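S.K.: generate coordinates for the sequence data below:
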Amino acid sequence: MRDCLTGAGGKASSRRIPVETVEEVLRLYREEYFDHNVSHFHEKLAEKHSTCSGTNNLPTFFRM
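M.R.: Below you'll find the model as predicted:
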């Protein structure tokens with residue numbers, strides 16, 4: 001029913017973040033940046049981890 005209302009038709013979002021990227025971001029947070037808040041963590045990702053620099057939806061990662 002939800003697909004009928006949203007028009008998704010069972011297709012994955014084209015904006016979906018790859019699972020590998022989510023796993024890497026969570027690993028970095030848990031193992032290397034555990035003492036940072038989300039804002040500072042995002043800054044470090046942008047500075048030091050170019051593959052993760054486009055992660056604007058960090059709060060979404062932490063709700064998983």
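
S.K.: show me where the protein has its helices.
M.R.: Assigned by DSSP state H, the chain shows helices spanning 2-6, 19-31, 38-48, 58-62.

S.K.: okay if I get the ones you listed as a markdown table plus mean neighbour count?
M.R.: C-beta: built from backbone N, CA, C; applies to glycine. Formatted as a markdown table, those follow (neighbours: other Cβ atoms under 10 Å):
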| stretch | mean neighbour count |
| --- | --- |
| helix 2-6 | 8 |
| helix 19-31 | 13 |
| helix 38-48 | 14 |
| helix 58-62 | 13 |
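
S.K.: JSON lines for the ones you listed, including distance to Ser13 and mean pLDDT?
M.R.: JSON lines is the format used below for those (distance: least, Cβ to Cβ, whole Å; pLDDT from 0 to 100):
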{"stretch": "helix 2-6", "distance to Ser13": "10", "mean pLDDT": "54"}
{"stretch": "helix 19-31", "distance to Ser13": "13", "mean pLDDT": "89"}
{"stretch": "helix 38-48", "distance to Ser13": "21", "mean pLDDT": "85"}
{"stretch": "helix 58-62", "distance to Ser13": "12", "mean pLDDT": "65"}
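
S.K.: could I get these as TSV with distance to Ala12?
M.R.: What follows is those, written out as TSV (distance: least, Cβ to Cβ, whole Å):
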stretch	distance to Ala12
helix 2-6	12
helix 19-31	11
helix 38-48	24
helix 58-62	15
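
S.K.: now for Ser14, how many residues are close by?
M.R.: Neighbour count of Ser14, defined by other Cβ atoms under 10 Å: 5.

S.K.: list the contacts for it?
M.R.: For Ser14, the contact set (Cβ atoms under 8 Å, 6 or more residues apart in numbering) is empty.
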